[in-house]
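Colleague: just need the structure, nothing else, for what follows:
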Amino acid sequence: MEFQNKTIGILMVCHGNICRSPMAEFVLKDLIEKRHLSQQFYVASAATSSEEIGNPVHPGTRKRLKEAGISSEGKYAVQLSKNDYDKYDYFIGMEQRNITNMMRILGGDPKGKVRRLLDFGANPRDIADPWYTGDFDKTYNDILEGCEALLNHILKQIGEN
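Modeller: Numbers count the residues shown, from 1 in each chain. Below is the predicted model of the structure:
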């Protein structure tokens, strides 16, 4: 199928869907928009837990995104469900614990859609949770690195890069 005729779905996932995964969602959307590819992608985010469902993006994440000129307005935490598996092409966890929980919720990954964000980059690692570290700048930098690598990977896979 031609890339122009297919929307690629990407779901960013973390524990609560208020810090890392919404940051990754909006950073990736910004990168996609800057490349004029918005029509070819659908990007969203979700939580593996139910703790923050319905809550807005964490103030630290909102502040760091705003500093980068990116809005997260209107985003509220939602939870990943097994039914999401057929709706997205990529399920991107922020850390290995997210991957474990995603596999449990999704009931496995027969099509190889589940990966850690920084596994696409040159230095695979977990992205630290700023809920605990308080370091939203480090999290932003790691997420930006991962989102750029993920987008380049996808574009290379489909022959657009």
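Colleague: scan this protein for its longest helix.
Modeller: helix 136-157 (DSSP state H).
Colleague: leaving out chain neighbours, which residue sits closest to Asp126?
Modeller: Among residues not flanking Asp126 along the chain, Glu95 sits closest, at 3.7 Å (Cβ to Cβ, 6 or more residues apart in numbering). From N, CA and C alone the C-beta is placed, and that goes for glycine too.
Colleague: now do the helices in this structure.
Modeller: 20-34, 59-67, 96-106, 130-133, 136-157.
Colleague: of those, which is nearest Asp84?
Modeller: helix 96-106 (7.3 Å; Cβ to Cβ).
Colleague: identify each buried residue in that closest one, please.
Modeller: For helix 96-106, a neighbour-count test (16 or more other Cβ atoms under 10 Å) marks 98-99, 101-102, 105-106 as buried.
Colleague: show the average pLDDT along it.
Modeller: Averaging pLDDT along helix 96-106 gives 98.
Colleague: likewise for stretch 28-46?
Modeller: Per-residue pLDDT over stretch 28-46 has a mean of 97.
Colleague: can you list contacts of it?
Modeller: For stretch 28-46, contacts defined as Cβ atoms under 8 Å, 6 or more residues apart in numbering pick out 3-4, 6-14, 17, 21-22, 24-25, 68-70, 75, 78-80, 84, 88, 147-148, 150-151.
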